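**Q** dropping the sequence and predicted coords here.
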Amino acid sequence: MFLCDFVFFLRKQKHFIFNKIKSIKMTNNSLKTTVLSIITIFLVIFNVNAQVNKETDNATLDSLYIHEVENKHELVKVLHAEPLYIDLIRDLGARKGEREWNVGLGLTDNNNYDKYLTLVEYEWAPVDRLGLEVELPFTIYPSAAANNPNVPSSKLNGLKLAAQYSFFVSEKLKTSMAIGYIHEFELTPFANYTNSTLFTGNIYNPFFVVAKRWGNNFHTLLYTGPSIQHHFENHSIHTSWQINSNFHYMIPGTRNFIGLEFNKEVKSNDFEMTIRPQMRVEITDHLLVGIVTGIPISRNNERLSSFLRLIYEPKH
């Protein structure tokens, strides 16, 4: 505010300076001094004005983007940064007609072999607040071709169907909450398609999400719930808890962000965690790229990993 008042004052004074120059007879030295003073004043005006504009531009862009997401003549929605590895079914507070395509590519370095991940998913909102998703996740083990008995077989992991409903959205608190459910039909490896049952089990995964934006740029999100695996062959059931906490900072004036995703899994007698530094970059109005690095903290057989997510949001 002070800078804006100062710029306005200097702009008013420049007319006074010009009038004074015309009204007095100056010596050469006086003329040089006056000209230099005028140049200096204009440089100050230019620099201060540029600084004011730069400070306000990012804030304006942030406000415009938040306004674009939140203040349409539609149902209330709060802008949140969405994690890139364990992503949401749809934006919290989703509006009818929203849709998104995702393609993911990943590489995990294990002690004895490499594991490649890829996925294709489509998510959409048939009605306000409700998001649906269909996902096909693949796992490819290049070393399996060498007939190494210690390497798992490549496969389409399963068919994942998911739903998420945002039951609380508050612009005043900048907070959203949702519940959801993911059901995965597990499939047998490619090598067993001709001599084995196609579906080998189910994974039941109810979850809860709460997210809050702090100011315009800082975002936090918690995603948690049990994952229950049911294997058809021996009728065994294994349960683990997923606790994923996220912290993101959205770059002023952009849709880009940097952040950390903490993926934690709690089993009966085990705890595993991977920290995933990440960033999202906007390529066009409808295309974004997410880049993730995985740093295992307490995983015995897993080393560093990387993951790339392409996000396409068709206009609606």
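**A** Yes, it's here.

**Q** pLDDT weak spots in the stretch 101-250 of the chain?
**A** Within the stretch 101-250 of the chain, the stretches with pLDDT under 70 are 144-147.

**Q** helices of the stretch 151-300 of the chain, residue ranges please.
**A** Per DSSP state H, counting those that start in this stretch, the stretch 151-300 of the chain carries no helices over any range.

**Q** A helix includes Leu92, no?
**A** No. Counting by DSSP: H, G, I helix; E, B strand; the rest coil, Leu92 falls outside a helix, being coil.

**Q** so it touches Val209, yeah?
**A** Yes. Between Leu92 and Val209 there is a contact at 6.7 Å, judged by C-beta atoms under 8 Å. Bear in mind the C-beta positions are built from the backbone N, C-alpha and C, glycine included.

**Q** ok, these two, which is more surrounded?
**A** Leu92 (25 against 21; other C-beta atoms under 10 Å).

**Q** any idea how far the more buried one lies from Thr284?
**A** Separation of Leu92 from Thr284 (C-beta to C-beta, to the nearest Å): 24 Å.

**Q** check Asn244 too.
**A** For Asn244, the distance to Thr284 - C-beta to C-beta - is 29 Å.

**Q** those two: which has the busier surroundings?
**A** Applying other C-beta under 10 Å to Asn244 and Thr284 shows that Asn244 carries more neighbours, namely 21 against 8.

**Q** bridge partners for the more buried one, pull those for me.
**A** With DSSP bridges as the criterion, Asn244 is bridged to Tyr223, Asn263.

**Q** need the contact list for it.
**A** Counting by C-beta atoms under 8 Å, 6 or more residues apart in numbering, Asn244 touches Pro83, Ile86, Leu222, Tyr223, Thr224, Glu261, Phe262, Asn263, Lys264.

**Q** Three-state assignment for the residue positioned nearest the centre of the chain, please.
**A** In the chain, the centroid-proximal residue (C-alpha atoms, centre = their mean) is Glu82; its distance is 3.8 Å. Here Glu82 is recorded as coil under three-state DSSP.

**Q** can you get me a residue count around the residue nearest to it when sequence neighbours are not counted?
**A** In this structure, Glu82 finds its nearest non-sequential neighbour in Leu88, 5.4 Å apart by C-beta to C-beta, 6 or more residues apart in numbering. Leu88 has 23 neighbours, counted by other C-beta under 10 Å.

**Q** which residues touch Leu88?
**A** Taking C-beta under 8 Å, 6+ apart, one finds Glu82, Gly131, Gln164, Ala178, Val209, Tyr223 in contact with Leu88.

**Q** many thanks, we can stop here.
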